[in-house]
Every structure is written in structure tokens, then in C-alpha cells.
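Asker: Any chance you can model this:
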Amino acid sequence: MVNLLKYKKQIILQGPPGTGKTKLAKEIAERLIVPYEFSVKKAKPLNILKKHILEVLKVGDTVLNKGVDSIGFNSILLTGGTEVDHENIIRAYSQKRWSNAKKDIAVALAQKIYHRIGYIDDAKTLHPEIKLLQFHPSYTYEDFVRGIVSKPSADGDGIIYEAEDKTLGKFAKEALDNYLGSLTPQIDLEEKDSFDAFIDYLKEEIAQSEDHKYNITDAVYLFSADETRFKYKGDNWVAHSKGLNMKFSELKKIINSGAKERQDIKKMTDLEELTRQHATYFIKIAEKYYSFKSSSNKTDLPKQEIALKNYVLIIDEINRANLSSVLGELIYAFEYRGEAVESMYAVEGENKLTLPPNLYIIGTMNTADRSVGHIDYAIRRRFAFVDVLPKDLSEEDGIVFDSQLFYEVSELFDTNLSPEFEKKDVQLGHSYFIDKSKEGGSMDIRLQYEIKPILLEYVKDGVLIGDNIKQKIEALNPSI
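Answerer: Okay, the predicted model is just below:
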């Protein structure tokens, strides 16, 4: 199934209630995210800790006076030829061995991971590349992709309305940044690192300044910053006494273009009108960037290339929303990965949206729920549909399964099923027949409060028919 997802990019797991579709979706996602050499069931924490080694440790890090020269898939090479297996680092991390007096290289590396990400013990919290959400009938494009939101203005004296990315928009951008970064030459990676370091430098200058200002000219200065922009103003400004926005995205466009004079900025057609009107201030900041970059010690910048990651979005109950309305132009983007499509909303002046090749989507669909929206042919063509059907789990390790009750209920869908339905779409799934006495859910309780109610609902909806069907349901008893 992982290979099918890799090929198609988006699949829907469909089946009747209780067949473990969401659980299977999570397992498939984990298989796609974590390294393949370990069994997901047997070594989740090990998989994910290994993943953190590849991401958190950097070439150039120093431990016990040795530098990290390279980071391989199974080991780390340090100066002098010392090689440390990932397994030894993971073992030291899991046991928190840095609290002991004696330290070796593996323990020192484990401690460095700890200092950067803390101690992680729960595998469920370790996958920023996996997101799960559930659709509902009132779900819209503005909830899922992009929409207008109201927020207080930066000055605190009013409300502003801005478009922002929602779950898919944010996740697609994160995946696209990773995909493009993995293809980017090292020199461009250094450029990005330089720009980020420059922004951090200016933020620090503003914070450390006695009057919280960073002068652009003798009369105009930066006075605050957030995650996306600086605010700048002049003391004698009347029209914009609360300041104007200098967006990082606009600065990056100017720097990437190689602009050296204000006239270069005025000629750029992909900039916002405000940016071109205030080219004087933007070119001053660009000049400060060029100076900052030339004076920076390049050995201080990370030299490790960006590793390509997979990202998986799980949409539970995908057919409960009006998919054509929710997905909008993304129906095209599903099929043509890597091609930008135009959104009806522009975020920071950019209305393009791209679904990269490293973003995968898994939907789940309850085939017994006839109250949900129809999936039209255009959408069906872009998904692969996989049946997830009821099965006997009596041979599964660690599970107490009521096989006799499972087959008695299954037989109802052979003898009393309306001809309007197919058994595979409505039969109760295997999860209903797993004994959960340890959590207070014995099979007596599950039969009385979970299995019989849904079967009687099926009778009311005309799924199960026959003069004696209610008596058959009431006569059901657990065998364990």
C-alpha cells in the first residue's frame, strides 16, 4: 500500500465502520516517514530517534573536542576517523546516560540531541511531517486551504483582515520548502542561511537598542519585528504615524534580484506597490544585508545539505465534506504535482499554491454512511481507492477476539441484507469484536451498547430487513 501511495500521491481507505481505517492510515504514514529498515510495530521510538539524529545533529558540531565531519544513515564520522553508530547514540539517549560521570562520544552526542529537542519518550508526538484532521459537512475551502481572518492591527488600534494559509496551505508550503531546499545548490543554501541570520541580527539590534530603534536613514528607522516583517516609520510622519510594514518576503525578492540601487527596485514588477514607492528604505536594508554577508564568517553558517522528507496529511471522514467545494483549484494540483495553481486568496501578495511531489494525502471513508457527500468522477480519478474490510483477528498477538460473535453478526449480512446494499459496504468491522475488559469494555458491554445499537439502526434505515431480524439481534450473545 505504501508503493501505491508513492505512485498515486493520494489514496482513500474505504470500508464499513470499525475496520481500522484511521489506524491503518497512521501506520502507512509512519512507514513513509521513518526509515524502512526497522519494523514500525517493533521499534517506533527507535525509528524516530534515528530520524532526529539525521535532522538535529549538524556537520561542524563539536563533542569532546572532536568535530562532526559527516552524518551517514547508520553512523556519524568525527575528526580523526572516529565512527559512532546511531544505535549507540539512541541507547545513550534512551537511558539518559549523560547524567553519569563517565562520558564517551555516543553519550556526548546523545546529550547534544537532548539539549536541542529535550527528552522525547512518546512516539505519537514525534512526527511533525504527519498531520491528521477530520472533515465535517460544514468544512470549507477557507477552513482547509486559505481564507480571510480578522486580527488586531500591529498598532492595537483596530482590526485588519488578511488572507492566511490554513492546514493544507501551511503543510504544502512546509513540504515545498523542504522539496526545493533538497534540490538547491549549497551556495543557495548559504544565501538562505545568511538572510535568516541577517533578519535575526536586525531583530537583536532593535531589541538591544536603548530606544528600540534601528536606523535606516537619519529620519526613518525600524522599531519592531514579528515572524514575517519589520515595522518602520519616521518621527515626523503624519500619514503613517503607526508605521509601515517591511515584509521579509519583499526584502528577499530584492536581494535575490541583485538590486543595488533604488531604481532597480522600482523596475521590479513582482513587488508590492508600497515596496516600490519606498524603494529608498528597502534598498538601504538590502545594502546592510550585502555588508552583513560579506563581513560574516562563512564557517559560522551551517553547511549541511537539506535532506528530502516525506509529508503525509491524513483526512479522516474525507467524504463528509463537499469535496469539490473544499478542494477548489487543488483538484488540478493533485494530478500535476509541482505545478503552481492560482488560489482565490493571496497570502503576502502571492496567490500561487503548489502541492510538491513529497506531499502525500490519505483519506478515510465510511462506506456505510449514506448521509455524506458524493465524490464526483473528477475527484475519484485523482485518488486510488483501497478497500479495508472486516476480518477475523483471532490469530493476532495481544488481542482477545470474539470470533463466534463476529461470524454470527457477519451472517446477518448474508441472510438479512437489503438488496440495495453490498455486504462489504455495511458489515460491522472487526474492531467491534475486540474484548477491552482491561479498559472496562467487556464483550457484554460492547455488545449491549455498541454492536446492538448500530445493528438496530441498520434495521431502522432499511439496511437489515426481514420479519425476524430484531429477534436475531436481541438473541446475540458474546462467547468470551
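Asker: need the next SSE after the helix or strand of the chain with the lowest mean pLDDT, C-terminal direction.
Answerer: Ranked by mean pLDDT, DSSP states H and E, the weakest helix or strand in the chain is helix 44-56, scoring a mean of 58. Sequence order places strand 62-63 as the next helix or strand after helix 44-56, per DSSP states H and E.
Asker: which residues sit against that following strand?
Answerer: Val68, Leu78, Ile105, Ala108, Leu109, Lys112 (Cβ atoms under 8 Å, 6 or more residues apart in numbering). No exception for glycine: its C-beta is placed from N, CA and C like everyone else's.
Asker: Then stretch 398-411?
Answerer: With Cβ under 8 Å, 6+ apart as the criterion, stretch 398-411 contacts 390, 392-394, 427-428, 430, 432-435, 437, 443, 447, 451, 455, 476-480.
Asker: Show the buried residues in those.
Answerer: For those, a burial check counting by 16 or more other Cβ atoms under 10 Å picks out 390, 393, 427-428, 430, 432-435, 443, 447, 451, 455, 478.
Asker: Mind checking which of these are in helices?
Answerer: Judged by DSSP state H, the subset of the buried ones among the contacts of stretch 398-411 located in helices is Met443, Leu455.
Asker: from the buried ones among the contacts of stretch 398-411, which single one is nearest Ser150?
Answerer: Checking the buried ones among the contacts of stretch 398-411 against Ser150 by Cβ to Cβ gives Tyr432 as the nearest, at 44.5 Å.
Asker: Identify the residues contacting the closest one.
Answerer: Counted by Cβ under 8 Å, 6+ apart, Tyr432 has contacts Pro17, Gly18, Val409, Arg446, Glu450, Ile451.
Asker: pLDDT below threshold where in the protein?
Answerer: By pLDDT under 70, the weakly predicted segments of the chain are 34-55, 73, 100-102, 116-126, 152-157, 184-192, 296-305, 370-374.
Asker: Per the annotation, how does it divide into domains?
Answerer: Using automatic domain parsing, the domain ranges for the chain come out as 2-126+306-385, 186-300, 403-474.
Asker: okay, these in TSV with distance to Pro137 next?
Answerer: Formatted as TSV, the domains of the chain follow (distance: least, Cβ to Cβ, whole Å):
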stretch	distance to Pro137
domain 2-126+306-385	6
domain 186-300	34
domain 403-474	18
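Asker: Tell me the buried residues in stretch 236-246?
Answerer: Neighbour count says stretch 236-246 has Gly243, Leu244, Asn245, Met246 buried, by 16+ other Cβ under 10 Å.
Asker: In strands, which of the residues you listed fall?
Answerer: Members of the buried residues of stretch 236-246 lying in strands (criterion: DSSP state E): Leu244, Asn245, Met246.
Asker: The closest residue in space to Val386 that isn't next to it in sequence: what secondary structure?
Answerer: Closest residue to Val386 apart from its sequence neighbours, by Cβ to Cβ, 6 or more residues apart in numbering: Leu13 at 5.3 Å. Of the three states, Leu13 takes strand under DSSP: H, G, I helix; E, B strand; the rest coil.
Asker: For Pro390, see how far away Leu13 is.
Answerer: 14 Å (Cβ to Cβ, to the nearest Å).
Asker: Same question for Ile11.
Answerer: Per Cβ to Cβ, Ile11 is found 20 Å from Pro390.
Asker: follow-up on the earlier one: can you name the residues that contact the residue nearest to Val386?
Answerer: By Cβ under 8 Å, 6+ apart, the contact list for Leu13 reads Lys21, Leu24, Ala25, Ile362, Gly363, Thr364, Met365, Val386, Val388.
Asker: Am I right that the fourth one falls within a strand?
Answerer: What it means is Ile362. Yes: remark: Ile362 belongs to a strand, assigned using three-state DSSP.
Asker: and it, how many neighbours?
Answerer: Look at Ile362: counted by other Cβ atoms under 10 Å, it has 28 neighbours.
Asker: My read is that it contacts Ala25, right?
Answerer: Yes: look at Ile362 against Ala25 with Cβ atoms under 8 Å: they come within range, at 4.5 Å.
Asker: shared neighbours, these two?
Answerer: Here Ile362 and Ala25 have Leu13, Ile314 as joint contacts, going by Cβ under 8 Å, 6+ apart.
Asker: ok, which stretches of the stretch 101-250 of the chain are strands?
Answerer: Per DSSP state E, counting those that start in this stretch, the stretch 101-250 of the chain carries strands over the ranges 130-134, 146-152, 159-165, 214-215, 220-225, 229-234, 244-247.
Asker: Ile306 is nearest to which of these?
Answerer: Ile306 lies closest, by Cβ to Cβ, to one member of those: strand 130-134, at 19.1 Å.
Asker: which helices and strands does that closest one pack with?
Answerer: Packing partners of strand 130-134 (3 or more Cβ pairs under 8 Å, 6 or more residues apart in numbering; DSSP states H and E): helix 21-33, helix 167-183, strand 311-316.
Asker: what's the angle from the shortest one to helix 21-33?
Answerer: Spelled out, it's strand 311-316. With axes from the mean of the first three to the mean of the last three Cα atoms, to 10 degrees applied, the angle from strand 311-316 to helix 21-33 works out at 180 degrees.
Asker: got the CA coordinates for the helix or strand immediately after strand 311-316 in the chain in PDB?
Answerer: Along the chain past strand 311-316, the next helix or strand (assigned with DSSP H and E) turns out to be helix 323-327. What follows is helix 323-327, C-alpha atoms only, in PDB (Å, rounded to 0.1, in the frame of the first residue of the first chain):
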ATOM      1  CA  LEU A 323     -15.000  17.800  -1.600                       C
ATOM      2  CA  SER A 324     -15.400  19.800  -4.900                       C
ATOM      3  CA  SER A 325     -16.100  23.000  -2.800                       C
ATOM      4  CA  VAL A 326     -13.400  22.300  -0.200                       C
ATOM      5  CA  LEU A 327     -10.600  21.400  -2.600                       C
END
